[in-house]
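Chemist: I'd like to go over a predicted model; first the sequence, then the structure.
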Amino acid sequence: MKLFLFDIDGTLLTTDGAGRAALKSAGNDLFGFDEDLRTISVSGSTDTAIVQEVLQHNSLEASTANVNRYLGGYLVRLRQHLASLSGAILPGVISLLDVLAQDGQAIGLLTGNVRRGAEIKLTAHGIWDRFGFGAFGDDDSDRNQLGPIAKRRAEVALNTKFSEQDIFVIGDTPKDIACARAFGAVAVAVATGRYSLANLGEHQPDHLCRDLADTKDLLFRFGLR
């Protein structure tokens, strides 16, 4: 058995900007600032780190109380924006998840989304129940600390141990690659988000894919065929 840990935004699905819109409206409604997030590094970051940075950028204390208030407001608005925008599951995702599940592989999440945010996004597209465990942006604000958490939860849930070469981190940003490297996992970069193949290639992932559409090729790369 191998362990496959998926990022969400830009890897499994696109939300058509729902996350950014929810962060913007929560900041405006709760704290009175008009933050367009253009100066904030969002891609690949944890929700907690993003909120901390936005608060500080607007001269507010990134206290636990302020962060929790902001995240709570964001989650309420996230559901609303998802319902009004045109997000979609990305090409090949369902087929790949189906084959991995049928093959008895372990499937989880490794994402900067807080757990509730991940659940809202994936439930909106009908795939939340395909992931039995994971690590999230409210486990640690530093994405590079999330890999060992996801690994440990998978091992507890499945009562097995995974070696580093059997753990695949699949994501669309350089931060996903760095996250995989941080705990010795295999980095699989997919150019379905904001970064091109060339951009991602500069960070030397173990596998570089245009998208997840070619299930046969992916299974070969994963050593499953």
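Modeler: That came through fine. Values in this document were obtained by computation on a predicted structure and should not be read as measured data.
Chemist: Then residue 101 would be within a strand, right?
Modeler: No - with DSSP: H, G, I helix; E, B strand; the rest coil as the criterion, residue 101 is helix rather than part of a strand.
Chemist: For it, give me its contacts.
Modeler: 107, 130 (CB atoms under 8 Å, 6 or more residues apart in numbering). Where C-beta positions appear, they are placed from N, C-alpha and C, glycine not excepted.
Chemist: quick one: it from residue 130, how far?
Modeler: Going from residue 101 to residue 130 by CB to CB, to the nearest Å gives 7 Å.
Chemist: Show me the common contact partners of the two, please.
Modeler: Common contacts of residue 101 and residue 130 (CB under 8 Å, 6+ apart): residue 107.
Chemist: Strands of this structure, residue ranges please.
Modeler: In the chain, the strands defined using DSSP state E lie at 3-6, 13-14, 88-89, 106-110, 134-135, 167-171, 186-190, 207-209.
Chemist: Give the rounded mean pLDDT of stretch 52-62.
Modeler: Taken as a whole, stretch 52-62 carries a mean pLDDT of 91.
Chemist: Could you do stretch 4-11 as well?
Modeler: When pLDDT is averaged over stretch 4-11, the result is 98.
Chemist: Stretch 25-34 now?
Modeler: 90.
Chemist: Give me the helices and strands touching the helix of greatest length in the chain, please.
Modeler: For the chain, the longest helix by residue count, based on DSSP state H, is helix 64-84. With contacts defined as 3 or more CB pairs under 8 Å, 6 or more residues apart in numbering; DSSP states H and E, helix 64-84 has these neighbours: helix 18-31, helix 47-57, helix 115-124.
Chemist: would you put the C-alpha positions of it in PDB?
Modeler: Once non-C-alpha atoms are left out, helix 64-84 reads as follows in PDB (Å, rounded to 0.1, in the frame of the first residue of the first chain):
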ATOM      1  CA  THR A  64      -5.500  34.100  18.300                       C
ATOM      2  CA  ALA A  65      -8.800  35.900  18.900                       C
ATOM      3  CA  ASN A  66      -8.500  37.900  15.700                       C
ATOM      4  CA  VAL A  67      -7.300  34.900  13.600                       C
ATOM      5  CA  ASN A  68     -10.200  32.800  14.800                       C
ATOM      6  CA  ARG A  69     -12.700  35.500  14.300                       C
ATOM      7  CA  TYR A  70     -11.400  36.100  10.700                       C
ATOM      8  CA  LEU A  71     -11.400  32.400   9.900                       C
ATOM      9  CA  GLY A  72     -14.900  31.900  11.300                       C
ATOM     10  CA  GLY A  73     -16.200  34.800   9.100                       C
ATOM     11  CA  TYR A  74     -14.300  33.400   6.100                       C
ATOM     12  CA  LEU A  75     -15.900  29.900   6.500                       C
ATOM     13  CA  VAL A  76     -19.500  31.400   6.700                       C
ATOM     14  CA  ARG A  77     -18.800  33.400   3.500                       C
ATOM     15  CA  LEU A  78     -17.000  30.600   1.700                       C
ATOM     16  CA  ARG A  79     -20.100  28.400   1.400                       C
ATOM     17  CA  GLN A  80     -22.000  31.400   0.000                       C
ATOM     18  CA  HIS A  81     -19.400  32.300  -2.600                       C
ATOM     19  CA  LEU A  82     -19.000  28.600  -3.700                       C
ATOM     20  CA  ALA A  83     -22.700  28.500  -4.400                       C
ATOM     21  CA  SER A  84     -22.600  31.600  -6.600                       C
END
